[in-house]
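1. Any chance you can model this:
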Amino acid sequence: EISGIERYVLGLVEGLSSVETGLRVIVLGRSEGKAATAASAATRRAGLEYVPCDVPVRSAANHLRLPGLLKRLGCRVYHSPYVEAPLLGRGFATVITLHDMTPTTRRAENRRSLKTPLPALWNAWLALQCGRAAAIVTVSEFSKGQILGLTRARPGKVHAIHNGVTVGRTALGPEDVRRR
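-> Purely as a prediction, here's the structure:
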């Protein structure tokens, strides 16, 4: 099954396909599995490059090997759709997506999450990621307010970009989607 983060990435790829940036956009993703197949196909439809990358996101390899791959690809900006950008890489700016602050604000409801059992460790990790990032993307003004209130991120660094809506996958009609 495709996770929420993977769905978010597929939405980004679909959105990028409708915008002419003039930039080379490369999507890194798994080489196997349902999410890899969906991401690879969506990337090709969007006219973007898909590069298989089996570096586990939550691993030391993400911080040690991924920067080398980004350098070989000529990456100037790396967007991590989660709070897992490599901390050791140089020569490229990072953009992270921090969907919300629930691991910090609603710990009792998120006991199964890996982020909530050790709040001090999560907050330290979050501070490193937010400090290193050139920009922080979140999905709502509410989340933006929480990020600004609970981290040391500068206001100009945090940007609320709402999740896209795909016509055909919503009860809203095309006119409602355009208006929103």
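
2. From here on, just use CA atoms for contacts and neighbour counts.
-> Will do.

3. Residue ranges in this protein under the pLDDT threshold?
-> In the predicted model, the chain carries pLDDT under 70 at residues 1, 103, 105-117, 164-174, 176-180.

4. Tell me where it has helices.
-> Chain-ordered helices for the chain, with DSSP state H as the definition, fall at 4-17, 34-45, 60-64, 66-72, 102-105, 119-132, 141-150, 174-179.

5. Among those, which comes closest to Gly91?
-> Ranking those by proximity to Gly91 (CA to CA) places helix 66-72 first, at 7.5 Å.

6. Any idea how far the closest one is from the middle of the chain?
-> Taking CA atoms, centre = their mean, to the nearest Å, one finds helix 66-72 lying 18 Å from the centre of the chain it belongs to.

7. Could I get the buried residue list for that helix?
-> Along helix 66-72, these residues count as buried under the neighbour rule (16 or more other CA atoms under 10 Å): Leu66, Pro67, Leu70.

8. how about the nearest residue to Ala127, chain neighbours excluded?
-> Distance criterion CA to CA, 6 or more residues apart in numbering; nearest residue to Ala127, sequence neighbours excluded, is Thr151 at 6.7 Å.

9. Contacts only, for the one you found.
-> Thr151 sits next to Leu126, Ala127, Cys130 when contact means CA atoms under 8 Å, 6 or more residues apart in numbering.
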